[in-house]
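Trainee: mind looking at a prediction? Sequence and model below.
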Protein chains: 2
Amino acid sequence: MLALRLTPKFQASQSVSMSKQKSVTISDIAKRVNMTTITVSRALNNPHQVKAETLARILEVARELDYVPNTFARSLKRDESLIIGVITASVDNPFYSEMIKAISREAKKHGYTIMLVDTDKLPELESKAVDTLLGYRVAGIILSPVSDEPQYQPDYLERLANGKTPVVLLDRTIHGSPFSRVVLDNYHSGYKAGQYLLQQNSGIKRLLVLTGPRHSRITEERLKGLRAVLGGNPRCK
Amino acid sequence: MLALRLTPKFQASQSVSMSKQKSVTISDIAKRVNMTTITVSRALNNPHQVKAETLARILEVARELDYVPNTFARSLKRDESLIIGVITASVDNPFYSEMIKAISREAKKHGYTIMLVDTDKLPELESKAVDTLLGYRVAGIILSPVSDEPQYQPDYLERLANGKTPVVLLDRTIHGSPFSRVVLDNYHSGYKAGQYLLQQNSGIKRLLVLTGPRHSRITEERLKGLRAVLGGNPRCK
DNA sequence: TTGTAGGCGTTATCAC
DNA sequence: GTGATAACGCCTACAA
C-alpha cells in the first residue's frame, strides 16, 4: 500500500517556495565581502587568481549563504550545455532502462547530466521532445525512435540533420537518416545462435524459436540468419 | 551482437558541430524582417499582440531558419525552470523505472521535463546530484535516497530543508527530514497480505514467506504485519 | 590582485 | 502595433 505523507513542515516549505524568493547570486556574496562580482566569480572558478585571504572569505560567505551557481546563466554566457538528451519510447522497458543507466553513468564521468524524455511511443511527443532538447542546446541527443519502419520519416528529421547537434540512434533506425547508430545486427544474431546450437547438437531435426511479433522485420531477420546456418528448412514457429 | 555504424555524414556533421556555429536568435529573425527583437519575441509568445501580416512573416522566417528558442535565456530572464529533478539509486531497477515513467508522463502534461540523475547507490553522487539540480533551479526534486537507515543523514539535508526547492522523498525516507514522502507502509502491507490469505484459507498451518534481506527493517515490518493477522506464531522464513 | 565594461538571448516595463 | 531601455546571473575581454 502506497502511503502519501505530508508533514506540516512540508506545507510551510511549500508556501515559502511559492513566494519566489530570489536565490543567492555572486553579487550578494560580493556585497558581503566588499568586492565586485568578478572577484567572486574568479574565487569560484579560478581560485588561484585570488588572494588567499579574499578567497577564504568569499568561500566562507558562499557556504554560509548556500550559494549555488545558476547554471542557466553560466550556460548562456559560456554558450555550452552540459546536458545530454535521451529520447526513448519507454523507460520502463528493461532494455532501455539498462541503457539509460549506462549512458547516465558515463555521462556523469564527464560532467554531463541526462535529460530524459519518454515519448510513450507517440510520434508527436517524439517531435516535441526534439524541440525541447534543442531548446536546452543539449550537447547531444541519444534517440531511440518510436518506430523502426522505413516509412517512419519524422518531421524533425531534416532540421536535425542540418543542425549542429550530434545525434546517435539507439536500437532503432530512421531509414535514410545520416545519424550514427547503435543497433543489433539481427541477421548476424540469428546466425550466431544457429552456430551455437549446431555446436551443442549437430543433429537438430526440429527447432522451436520463440520470437516477438511474427512478421516484424526483427523477427524475420533473425530467422533468416538462423536458417542460413541450419541449412535445410527446419519448421520454425 | 551490437553494431556501431558511423556514416560519413555523421563525421561531417560532427566537425560542423565542433566549429561552434552560433544558433539562430530572435535578433537574427528581427533583422530579416526589419523589426526589433521585442516584436519577434511577441510574435512567438503573444501572437495576438502583433499585426497579422508581421506575424506571418516572422513565423515564416523563424521556420525557415529553424529557430529554436534558447531555454537558458528564457529561464534566466523569467526566473523559472521547467525541469523536475529525479534522483534515484538505480534506474535499472524496474520499480524505479516504472516510477520514472509515471513521473515523466505526468510532468510532460504540465510542460515539465525530467532531469534524471542515477546515483549508483553512492552517497557522494547523491550529494552532487542535489547540487546539480539546484543549479538548474529545478521546480522540484523527487528524491529516492541511497539509504533508508535512520543513521543516514546526508550533508545536503540542511541546505535542502532550508531552501525553497520542494522535495518529495520516494520509496525511501530520510529520518527526521521535513519532506513529504511517498512510501510503502510495510506493516500494513504485511497485514493486508495476511488478511487476504485468511480469506482464501482460514486453516493455514505453515506459511512460507519469501522476503528480501532477512534483517532489513522492510522485511521485519512486513512480517510483523503478517503475524499480527495470523495471530499465533506461524513459522516464517 | 582587483575592477570596468559589455554581452550571452530573452523578456518586462514603460513609451510612442 | 511597435520600439527603446534595461535587466536576469554570469563571465570574457581589457585595463589598472
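Mentor: It's in.
Trainee: which SS state does the residue of chain A most remote from its centre fall under?
Mentor: Here the centre of chain A is the reference, and by C-alpha atoms, centre = their mean the most remote residue is A:G203, at 45.9 Å. Per DSSP: H, G, I helix; E, B strand; the rest coil, the secondary structure class of A:G203 is coil.
Trainee: pLDDT score for it?
Mentor: A:G203 carries a pLDDT value of 79.
Trainee: again with A:T211
Mentor: Value for A:T211, per-residue pLDDT: 84.
Trainee: now it: how far from B:K22?
Mentor: As defined by C-beta to C-beta, to the nearest Å, A:T211 lies at a distance of 49 Å from B:K22. (Each C-beta comes from the backbone N, C-alpha and C, glycine too.)
Trainee: show me which of these two is the more surrounded one.
Mentor: Taking neighbours as other C-beta atoms under 10 Å in any protein chain shown, A:T211 and B:K22 compare with A:T211 leading, 16 against 8.
Trainee: nearest residue to that one in space, please, no chain neighbours.
Mentor: Once flanking residues are discounted, A:T211 sits nearest to A:T219: 4.4 Å by C-beta to C-beta, 6 or more residues apart in numbering or on different chains.
Trainee: in a helix, the one you found, correct?
Mentor: Yes: counting by three-state DSSP, A:T219 is part of a helix.
Trainee: from what I can see it touches A:L210, true?
Mentor: No: in this structure, A:T219 is not within contact of A:L210 by C-beta atoms under 8 Å, at 10.2 Å.
Trainee: quick one: is the helix or strand harbouring A:L116 near chain B?
Mentor: For A:L116, the host element (DSSP states H and E) is strand A:113-118. Yes: counting by C-beta under 8 Å from any C-beta of the partner chain, chain B has neighbours in strand A:113-118: A:T113, A:I114, A:M115, A:L116, A:V117, A:D118.
Trainee: so what's A:V117 closest to, chain neighbours aside?
Mentor: Closest to A:V117 by C-beta to C-beta, 6+ apart is A:A129, at 4.0 Å.
Trainee: so how far is A:E220 from that neighbour?
Mentor: A:A129 is 29 Å from A:E220, by C-beta to C-beta.
Trainee: if you count surrounding residues, which of these two has more?
Mentor: A:A129 (25 against 15).
Trainee: isn't the more buried one right up against A:M115?
Mentor: No: using C-beta under 8 Å, A:A129 and A:M115 do not qualify as a contacting pair, with a distance of 9.5 Å.
Trainee: anything in contact with each of the two?
Mentor: Residues touching both A:A129 and A:M115 (C-beta atoms under 8 Å, 6 or more residues apart in numbering or on different chains) are A:G85.
Trainee: so is the residue nearest the centre of chain A in a helix, a strand, or just coil?
Mentor: Among the residues of chain A, the one closest to the centroid is A:V86, at 2.7 Å (C-alpha atoms, centre = their mean). Assigned with three-state DSSP, A:V86 falls in the strand class.
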